[in-house]
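Peer 1: sequence and predicted structure, then a few things I'm wondering about:
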Amino acid sequence: MSMMLNEIEQQPEVLARMLDSSSKQVKAISRRFAVERPESIVLVARGTSDNAATFARYLLELLLGIPTSLAAPSISTVYGRTARRTKTLVIGISQSGESTDTNLYLEKAAAAGATTLGITNEAKSSMAKLSDEVLSVRAGREKSVAATKTYVGHLLAVYQLARALGAAIPDSALAQLPELVAKQLKLKDRVAVLAERYRFMERAVVVGRGLNYANAFEFALKMMETSYVVAERFSGADFAHGPIALVEQGFPVFAFTPGGPTHEGTQALLARLTAAGSETIAIGPSKILRTLPTTKQLPIAGSIPVVTGCPVDMMSPIPSIVPCQLFAAYLSAHKGLDPDHPRMLTKVTKTI
């Protein structure tokens, strides 16, 4: 078994450990902002952590109503400009906590008046030391270059942060996540069979909307770095505004279909894709998959069922990414590659 697969299977324990061990940090954040919440939130990250930041952008603005944006680190690190950050919470997300440009951005933001928070897997990292508050991922050491358990840990940390800032997320919604992921892992054989079908795939598109938009980026990234598939990723809405012209007979499109507010638009997109002869693979709950547009002549090519609880859309990102991580790991193996050691990559990447 590859280290990547082993670390994917550790995720129920990672989530359970975070839920059991994070109360002190969550309470500290809650106390800091009990009197006055930030007026804006800025997120800074790179790579897989940047995909987690994209999820945070959606969740925090959706649940808290606080304007939330993604930083362009180069504005500070390369061009030397830093905006005033009073009444702003700047959140750095990093697996190692040693991402050079992310940490430099946090330092400059603090000097400009921001409150800083680090979300990292390394409690003794540079990020943890320079941040005003910290949320620890507690995933244990991640050995595979392809990040999996730290990404899922980052998503859970964002839920915890949202609660600390006043979001009404029930305890039960978070408590169910380790079990949902454990159930999802039991479907791994089905994912392995599906991945074998695409062993000769060289290009693909991944689409997702809303809270699963970040997962579209993360799934595509995993296929790119472990299987060298040229995987473009889009919001379903953006895809329909031009890139859909890429689609031809047999073109692979992976689509997150979690239900909820994005369901109607996703159904309409899938109808267009199947009509165009796309090799469309839907990722979502079984009850949603059964409603997707399909005929004998124009079927959905495949599906990846997602085990979800309620509310489906709100809590779907963590269980939805797990089969995609599995798919990427199995696809790499079917292609005769090593998902743990992609070419030209190392575990910690330092850029300015």
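Peer 2: Done, it's in. Note that this is a predicted model, so its numbers are computed, not measured.

Peer 1: pLDDT-wise, which helix or strand of the chain ranks last?
Peer 2: Lowest by mean pLDDT, DSSP states H and E among the helices and strands of the chain is helix 312-315, with a mean of 78.

Peer 1: okay, that one in CSV with CA atoms only?
Peer 2: Presented in CSV, the C-alpha positions along helix 312-315 are these (Å, rounded to 0.1, in the frame of the first residue of the first chain):
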residue,chain,number,x,y,z
VAL,A,312,-26.2,17.5,3.1
ASP,A,313,-24.7,20.5,1.2
MET,A,314,-23.2,22.1,4.3
MET,A,315,-21.3,19.1,5.5
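
Peer 1: so which elements touch that helix?
Peer 2: Here helix 312-315 touches no other helix or strand, going by 3 or more C-beta pairs under 8 Å, 6 or more residues apart in numbering; DSSP states H and E. Where you see a C-beta, it was placed from the backbone N, CA and C, and this is true even at glycine.

Peer 1: next SSE downstream of it?
Peer 2: Remark: after helix 312-315, the chain's next helix or strand is helix 317-334, criterion DSSP states H and E.

Peer 1: before we move on, the earlier item: identify all contacting residues around the least confident helix or strand of the chain.
Peer 2: 169, 173, 176-177, 180, 210-211, 258-262, 285, 308-309 (C-beta atoms under 8 Å, 6 or more residues apart in numbering).

Peer 1: make it 6 Å
Peer 2: Contacts to helix 312-315, defined as C-beta atoms under 6 Å, 6 or more residues apart in numbering, come from residues A173, P258, G259, G260, G309.

Peer 1: with stretch 111-130 instead?
Peer 2: 82, 84-86, 88-98, 103, 106, 110, 131-137, 139, 150, 154, 157.

Peer 1: switch the cut-off to 7 Å
Peer 2: 38, 82-86, 88-98, 103, 106-107, 109-110, 131-137, 139, 142, 150, 153-154, 157 (C-beta atoms under 7 Å, 6 or more residues apart in numbering).

Peer 1: tell me the gap between that stretch and the middle of its chain.
Peer 2: Computed by C-alpha atoms, centre = their mean, to the nearest Å, the chain-centroid distance of stretch 111-130 equals 20 Å.

Peer 1: report the buried residues of it.
Peer 2: In terms of neighbour count (16 or more other C-beta atoms under 10 Å), stretch 111-130 has its buried residues at 114-122, 125-128, 130.

Peer 1: could you work out the end-to-end span of it for me?
Peer 2: End-to-end distance for stretch 111-130: 11 Å, by C-alpha to C-alpha, to the nearest Å.

Peer 1: could we number from 348 for the rest of this?
Peer 2: Done: numbering now begins at 348, and the last item shifts to stretch 458-477.

Peer 1: what mean pLDDT does it get?
Peer 2: For stretch 458-477, the mean pLDDT works out to 96.

Peer 1: again, but for stretch 675-683
Peer 2: On average, stretch 675-683 scores 97.

Peer 1: and it, C-alpha only, in CSV?
Peer 2: The C-alpha coordinates for stretch 675-683 follow below in CSV (Å, rounded to 0.1, in the frame of the first residue of the first chain):
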residue,chain,number,x,y,z
ALA,A,675,-6.2,9.8,-7.6
ALA,A,676,-4.1,7.2,-5.6
TYR,A,677,-5.5,4.2,-7.5
LEU,A,678,-5.2,6.0,-10.9
SER,A,679,-1.6,6.6,-10.2
ALA,A,680,-1.0,3.0,-9.4
HIS,A,681,-3.0,1.9,-12.5
LYS,A,682,-0.6,4.1,-14.6
GLY,A,683,2.4,2.4,-13.0
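
Peer 1: who touches that stretch?
Peer 2: 349, 351-352, 355, 538-539, 542-543, 545-546, 569-570, 573-574, 686.

Peer 1: tell me the gap between that stretch and the middle of its chain.
Peer 2: That offset, for stretch 675-683, works out to 20 Å (C-alpha atoms, centre = their mean).

Peer 1: repeat that for stretch 384-400.
Peer 2: Distance, centroid of stretch 384-400 to centroid of chain: 12 Å (C-alpha atoms, centre = their mean).

Peer 1: go on, stretch 650-668?
Peer 2: That offset, for stretch 650-668, works out to 13 Å (C-alpha atoms, centre = their mean).

Peer 1: immediately after the host helix or strand of I466, which helix or strand?
Peer 2: Here I466 sits within strand 462-467, counting by DSSP H and E. Counting by DSSP H and E, the next helix or strand C-terminal to strand 462-467 is helix 473-477.
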